[in-house]
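# okay, sequence plus prediction incoming.
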Number of protein chains: 2
Amino acid sequence: MSRAPRTLLAGAFLLAASPALGQDVHRTAYHDYRVVTVADGLVNPWSIAFLPGGDMLVTERPGRLRIVRNGSLLPNPVDGVPEVFARGQGGLLDVVPHPDFASNRLLYLSYSKPLGGDESTTAVVRGRFEGDRLTGVEEVFEAQTRGRGHYGSRLVFDGGGHLFITVGDRQAPPRGDLESHPAQDVSNHHGVVLRINEDGTVPDDNPFVGQEGALPEIWSFGHRNAQGMTRNPATGDLWITEHGPQGGDELNLVQPGLNYGWPVVGYGVNYGSGARIHESTTREGMENPRHVWVPSIGTSGLTVYTGGAFPGWQGDLFAGGLSGEVLYRLEMDGQEVIVRENVLHGVGRIRDVRQGPDGFLYVAVDHRGGNPTPILRLEPVN
Amino acid sequence: MSRAPRTLLAGAFLLAASPALGQDVHRTAYHDYRVVTVADGLVNPWSIAFLPGGDMLVTERPGRLRIVRNGSLLPNPVDGVPEVFARGQGGLLDVVPHPDFASNRLLYLSYSKPLGGDESTTAVVRGRFEGDRLTGVEEVFEAQTRGRGHYGSRLVFDGGGHLFITVGDRQAPPRGDLESHPAQDVSNHHGVVLRINEDGTVPDDNPFVGQEGALPEIWSFGHRNAQGMTRNPATGDLWITEHGPQGGDELNLVQPGLNYGWPVVGYGVNYGSGARIHESTTREGMENPRHVWVPSIGTSGLTVYTGGAFPGWQGDLFAGGLSGEVLYRLEMDGQEVIVRENVLHGVGRIRDVRQGPDGFLYVAVDHRGGNPTPILRLEPVN
């Protein structure tokens, strides 16, 4: 290897720092790219999925599943999607094809399920997607939570027959001291990562199977609201991003049976009081995050890049930000974040980021001053 | 502990993101602060030191040591400073009082020492500072290097009788393959952290003492150009920041006898080629950085905060950036960087950051569109 002279650096820095939209070339440390609009006219797109035949699916939070085919957003949403609680953070949320979709045509959807009145919970259904309709829809999971917001709802298959599901803390208030918060208690579904079989049954080898009072589908707990989840196929590592409270969005490495500390420990603070509460950042028996964004960026969407279009990004995590209106690249040293690079900003609130079958990165823009919003694609420029 | 409602976050983020000068209140995750100019009219200030009697000393790269007393920059520079090679990156560089300065009045200075013609090297002198003059000046170290730039030159005492010194790679070109670069070779002073006794002699317990062909004052090697160094008094950890090549400024935890990999491994890249060179980021037997800035910020100045004025920042590292014109707070989980927060930007190129005896943070502005430049102070706002 050899290195470029340092004198090139200043130019690279200035260009990378400029806001970014349209057909301009964006420069980053490893790759130059162009931003292309691949679909527009969407309302709060939440999740992007790619099907073997070339279709792209997009959930819209108000409750529609949309198809982008041959570069066009089809006007009619997919029939057969369950009724959703389309208020606040609620609605139609994640969409993920089964790993064997090509043969079984199964799509999994997460959503906020109406429970009557102002109440709703996180639920997951699956159905066969054929003829642009969803049929045979059945529920594979319903969280035993009530409340508003903080649904979690990201879905990840491990390719070995299991489905991971995030469920947020549903903004549950503490019951007395912080240690008594529902997210600290494995008898309920507040603030968890779950692992179920693809049909909704519980795997025998889950960490809390057989533990009295524990829900056996729980894989990890003490989370706040994970709206990003991805699995590195090379290592098996399962990563989530969580909305923290003020100033403490987290990247966590999810491991079975572990407690991630919410709301007892964390990097959030009492804004205005001036003092960090030291005992709040770490405690024996509670896992520390691998990275924290301060200030918060409103993390949503997370993917590990494995494509060929951007060889310099292979193995890196990409995390979207809503309030931060930013896409970050996280370069790892094993399981530690070594580099955090802002690779895209100025395009609006980023809700989801996914790798397409072409190896390009696709970004769902939740909002940029109003609706409708687009799905964008990052394409390398050589 | 309890947490502030998340709704406060958006405001905090927006305010923290706004450029920052003057008497405005800057908001960060843990503390609000004000920026106050404590001295102005300086030319390329490189280092700030505080003396027990209340004086603040500032080196100016052109070769002057200045005194700030009772809030005023005295017009006359200190007599007795050695002649410096005041070209390019060269000049009068670091200034650090001996830990027992109150009794022995010893000041240590690093500088680029003229070797004739265009040549210079990194050297360290000490002298007694009395009556606003430096007397009895003697050299305690002269690096056996030639070349231009990349002097390193940060000085840190460990309080146990030793002085750490950084020496850059002097921009030495490789001799054949990268493994043959002088920074990979402990027979010379290119790209090293050194550890000497306060009188310039070599401690018996240095890692290369007794190794044939090695210079016994070397503590660690394979560095490029460390212009930030600090020691955490609570843990003894020695940290440096290094200017990387394009896109790869590093934070390193310095440990005795270890090879930090320059120029064989690192996170810098060939800009424009598009591809990261994977074998360049890590190699067995070479230490990985604990954090990397991509793009580069031109790291200079590093301090661990231990004061009482900003209790929420205790134990955090503060790193300045020249080209990035930024001050970063790095919050640690042990020896891992968990949070990187931009706490100050928009005030110009930051050359040095130090904690004052008042617990405030002092920042030397190298350049902000021209000279002269100020020393700024961050004061908490309650």
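Cool, got the structure. Predicted, not measured: the structure shown is a model, and the values here were computed from it. Residues are numbered from 1 along each chain as shown, chains lettered A, B, ... in the order given.
# and the helix or strand that contains residue A:230, which strands flank it?
Using DSSP states H and E, residue A:230 maps to strand A:226-231. According to DSSP bridges, strand A:226-231 forms sheet pairs with strand A:238-242 (antiparallel).
# got the CA coordinates for the partner strand in CSV?
Taking Å, rounded to 0.1, in the frame of the first residue of the first chain, the C-alpha atoms of strand A:238-242 are listed here in CSV:
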residue,chain,number,x,y,z
LEU,A,238,-26.5,-8.6,16.3
TRP,A,239,-26.4,-4.8,16.5
ILE,A,240,-29.2,-2.3,17.5
THR,A,241,-29.4,1.4,17.7
GLU,A,242,-31.6,2.8,20.5
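# show the subsequent helix or strand relative to it.
Moving toward the C-terminus from strand A:238-242, the next helix or strand (DSSP H and E) is strand A:249-254.
# next one: that following strand to chain centre, how far?
In terms of C-alpha atoms, centre = their mean, to the nearest Å, the centre of strand A:249-254 is found 11 Å from the chain centre.
# A helix includes residue A:141, no?
No - checked against DSSP: H, G, I helix; E, B strand; the rest coil, residue A:141 lies outside a helix; its state is strand.
# mind pulling up the pLDDT for the residue nearest in space to the middle of chain A?
The residue lying closest to the centre of chain A (C-alpha atoms, centre = their mean) is residue A:228, at 1.9 Å. The per-residue pLDDT reported for residue A:228 equals 98.
# contacts only, for it.
Residue A:228 sits next to A:154, A:239, A:240, A:241, A:242, A:299, A:300, A:301, A:302, A:319, A:320 when contact means C-beta atoms under 8 Å, 6 or more residues apart in numbering or on different chains. For glycine as for every other residue, the C-beta is placed from the backbone atoms N, C-alpha and C.
# of those residues - the most surrounded one?
With neighbours defined as other C-beta atoms under 10 Å in any protein chain shown, the most crowded of these is residue A:241; it has 32 neighbours.
# for that one, give its distance to chain B.
Distance, residue A:241 to chain B, using C-beta to the nearest C-beta, to the nearest Å: 14 Å.
# is it correct that that residue is in contact with residue A:318?
No - using C-beta atoms under 8 Å, residue A:241 makes no contact with residue A:318, being 10.4 Å away.
# how about the nearest residue to residue A:208, chain neighbours excluded?
Distances taken as C-beta to C-beta, 6 or more residues apart in numbering or on different chains put residue A:214 closest to residue A:208, at 3.8 Å, once the chain neighbours are dropped.
# what do residue A:241 and residue A:318 both touch?
Common neighbours of residue A:241 and residue A:318, using C-beta under 8 Å, 6+ apart, are A:301, A:302.
# tell me the SS of residue A:90?
Relying on three-state DSSP, one would call residue A:90 coil.
# err, residue A:102, not the other one
Put simply, residue A:102 is helix when judged by three-state DSSP.
# tell me, how many residues neighbour the residue nearest to it when sequence neighbours are not counted?
Nearest non-adjacent residue to residue A:102, counting by C-beta to C-beta, 6+ apart: residue A:52, 4.4 Å away. If you count neighbours by other C-beta under 10 Å, residue A:52 ends up with 11.
# repeat that for the one 5 residues further on.
Here the count is done by other C-beta under 10 Å, and residue A:57 has 21 residues near it.
# wait, doesn't residue A:82 sit right on residue A:140?
No - applying C-beta under 8 Å as the test, residue A:82 and residue A:140 come out as separate, 12.0 Å apart.
# who has more neighbours, these two?
residue A:140 (19 against 16).
# against residue A:166, how distant is the residue nearest to that one when sequence neighbours are not counted?
Once flanking residues are discounted, residue A:140 sits nearest to residue A:200: 3.6 Å by C-beta to C-beta, 6+ apart. Distance check for residue A:200 against residue A:166: by C-beta to C-beta, to the nearest Å, it reads 16 Å.
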